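K.L.:
Need the 3D shape of this:
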Amino acid sequence: MNQHHGTSPDLPDLLEAIGASAEEEAGFSTLSDDAMIASVRRRATALRVRRARTRSIAAVATVATVAAVGVGITQYAGRLTAEPAVPASPAPETPATFPACGTSVSGAAWGDLHLAAATGASRSNAIPEMVIVNDTDEDLVIGSTGWVSYALVRDGVVIGTTTQTPTPFREDVVGARTTSEPLSPTTPTMCDGSDAPEGEPYEVYAYLDAETAAWSQETWTSSQKGWGTGTPVRLWSAPVTVLSPTTGATAGTTFACDVAPAAVEQGFGFTGPDELGMVVDKDDVAKGVWSTTVSITNASDVDYLANVGAVRGVLVKDGRVVGKPLDLAADDVDEQVDLVEIPSEGSADRPALVPVMACADGERLASGTYELWGAVDLVLKEGQSQDAAWAPDSNVPVTVVDKIADVVLD
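P.N.:
The predicted model follows:
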């Protein structure tokens, strides 16, 4: 049986080493056989060492590659099998604070540095222009946008507010105990989407976000760079009363026979002179219209100028109008309109015209006690003080309706 021997693992190395030795030693014929064999063996050994090193490096690289791939596969598989992420709970809503719509007035601090209505400044959109008032003993540099925001408040609740404010940078140097130049007014938006407040008067709170610093040449120069150079502060005004123009009935159309009168005060009212409590002789009344004098009262802390006509009076019994309402043409009565000052917490006297003819039959009313009610149209002008009130323009029509007094017809 023929015996087969596998190729020695050293044979390729020996053959390669012999070839290399033959090329190198070709020029040296004096080399002995023993020297030639020794040279071949040295070269074969060196070659085996290099090849072993190469195989070790390749093996290490292969293991590292396999390990990395294995880790990647494991991570990918983990992602495929992981539980889906649970959505985070929504953050609780932060309660709205003044001056947001629907909130109550709070925190509107009014200190030595504050806002106030500008005396003699122009008005727009029922909102007074404001100035910065420095009631301290220190000259101040005040940086702001220069645009004032507003909160409109009725019965202590915000009904309108500024929603957009331009963002330029403006500076005012406001000396001790002085005021700035007028700031620019923004236009508030009504919370209910209406164009403007209607009905009873409302209050306006003005505010301005600003930065302040004591004035010096250094702070004045450095603060020209804009925000971030002073102490942040929100400046507030005291509330300013604003009147809503009366819509609907005027003094001439307020009263109707057999209808209960309804008061529309808007901060105004009536008082009668002493004789209103006395007996009125209905037979002495000319043309069936009694002429007397009443006072229009102003309960606010605001001074007003107003174009005012005569007070139109009616007589009321058991809660219903029983005396004919005044008809200027039919009753042949002239109504004089005058420019009248109605001071804060004061009054102005005006003539009152009161028919004493019955609604039912046009005859003189029967003797007895009646309630005297009055209605008057005021066209308000700009106020005469820094805290004056405004409405959409400088001629604001307001109708005042109120009970004046009890009277006795003889």
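K.L.:
Show me what residue 133 bridges to in the sheet.
P.N.:
Per DSSP bridges, the residues bridged to residue 133 are residue 114, residue 179.
K.L.:
Residue 148 versus that one, what's the distance?
P.N.:
Distance, residue 133 to residue 148, by Cβ to Cβ, to the nearest Å: 13 Å. (C-beta placed from N, C-alpha, C; glycine too.)
K.L.:
Residues in contact with both of those two, list them for me.
P.N.:
residue 115 (Cβ atoms under 8 Å, 6 or more residues apart in numbering).
K.L.:
More neighbours: the two, which one.
P.N.:
Taking neighbours as other Cβ atoms under 10 Å, residue 133 and residue 148 compare with residue 148 leading, 26 against 20.
K.L.:
Does the more buried one touch residue 130 like I think?
P.N.:
Yes - here residue 148 lies in contact with residue 130, judged by Cβ atoms under 8 Å, at a distance of 4.8 Å.
K.L.:
list the residues that contact both of the two?
P.N.:
Contacts common to residue 148 and residue 130, judged by Cβ under 8 Å, 6+ apart, are 115, 183, 185, 206, 208.
K.L.:
Quick check: bridge partners of the fourth one?
P.N.:
In other words, residue 206. Bridge pairing for residue 206 - DSSP bridges - gives residue 150.
K.L.:
Please work out how many residues are found near the residue nearest to residue 251 when sequence neighbours are not counted.
P.N.:
Residue nearest to residue 251 in three dimensions, not counting chain neighbours: residue 375, with 4.0 Å by Cβ to Cβ, 6 or more residues apart in numbering. Other residues lying near residue 375 total 24 when counted by other Cβ under 10 Å.
K.L.:
If I look at residue 375, what pLDDT would I see?
P.N.:
At residue 375, the model reports a pLDDT of 94.
K.L.:
Now do the strands in the stretch 151-300 of the chain.
P.N.:
For the stretch 151-300 of the chain, applying DSSP state E, counting those that start in this stretch gives strands covering 157-161, 170-174, 178-179, 184-185, 189-190, 202-214, 231-236, 240-242, 268-271, 279-280, 289-298.
K.L.:
pLDDT on the last one, on average?
P.N.:
Per-region confidence: strand 289-298 scores 90 on mean pLDDT.
K.L.:
Could you number the chain from 8 rather than 1 from now on?
P.N.:
Sure, I'll start counting at 8 from here, so that last one is strand 296-305.
K.L.:
Would you mark the buried spots in whatever helix or strand comes next after it?
P.N.:
Using DSSP states H and E, the next helix or strand after strand 296-305 towards the C-terminus is strand 311-315. The neighbour-count criterion (16 or more other Cβ atoms under 10 Å) identifies 311-313, 315 as the buried residues of strand 311-315.
K.L.:
before we move on, the earlier item: closest to residue 275 among the shared contacts of residue 155 and residue 137?
P.N.:
Nearest to residue 275 among the shared contacts of residue 155 and residue 137, counting by Cβ to Cβ, is residue 213 at 24.5 Å.
K.L.:
Model confidence for the closest one, exactly?
P.N.:
93.
K.L.:
care to break this structure down by domain?
P.N.:
18-75, 120-249, 275-416 (automatic domain parsing).
K.L.:
Lowest average pLDDT across those domains?
P.N.:
The bottom spot among the domains of the chain, by mean pLDDT, belongs to domain 18-75, with a mean of 49.
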